[in-house]
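*Asks:* Structure, please.
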Amino acid sequence: MQEAVERAAPGGALRLLVDCGPGLIGLLQKLHSSGVAPDYIQRVLAVYGSSAATTRAPAPSPKTTGGAVRPDFPVEALTNREIDVLLLLAERLTDKEIAERLVLSLGTVRKHTMHIYSKLGVDNRRAAAAEARRLGLV
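*Replies:* As a prediction, the model looks like this:
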């Protein structure tokens, strides 16, 4: 698991670990406390809510957690790739930089960005990043 985290961390892609489900939370927390890619693991755990990042017990799904994620916001509404794009939007990367980082076409990045705006109820990059922070997604 440590090797998988160390390989995924430089690219910042969340899909690899998030697709495995909340069963990995305990192991990710252990790796985090051991100092393995702490920033990356923190972002992965944030998808499951703030309680995942601060406790050792397996966390409930994001829809039911009492953490930072709004209970009425279905995190599942964002695809894993949209979350990847959203994290890079929050880092203020351009569409071209996001495309290069995630190995996507510019058109695909723009399509994901428009879906993110629609799902978060915003109309620009800054608003999407701000809403994601407010919801605890980044």
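*Asks:* next helix or strand past the worst-scoring helix or strand of the chain on mean pLDDT?
*Replies:* With mean pLDDT, DSSP states H and E as the measure, the helix or strand of the chain carrying the lowest mean pLDDT is helix 50-54 (a mean of 51). As assigned by DSSP states H and E, the chain's next helix or strand after helix 50-54 is helix 80-90.
*Asks:* Please enumerate residues in contact with that next one?
*Replies:* Residues outside helix 80-90 that contact it (CB atoms under 8 Å, 6 or more residues apart in numbering): 12-15, 18-19, 43, 47, 78, 97-98, 101-102, 109, 112-113, 115-116, 119, 125, 128-129, 132-133, 137-138. Quick note: C-beta positions are derived from backbone N, CA and C, even for glycine.
*Asks:* Narrow those residues to those in strands?
*Replies:* Among those, none falls in strands (DSSP state E).
*Asks:* Can I get the buried ones among these as something I can paste into ChimeraX?
*Replies:* For the buried members of the contacts of helix 80-90, the matching ChimeraX selection, counting by 16 or more other CB atoms under 10 Å, is:
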select :12,13,14,18,43,47,78,98,101,102,109,112,113,115,116,119,125,128,129,132,137,138
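*Asks:* Since that was my last question, I'll sign off now.
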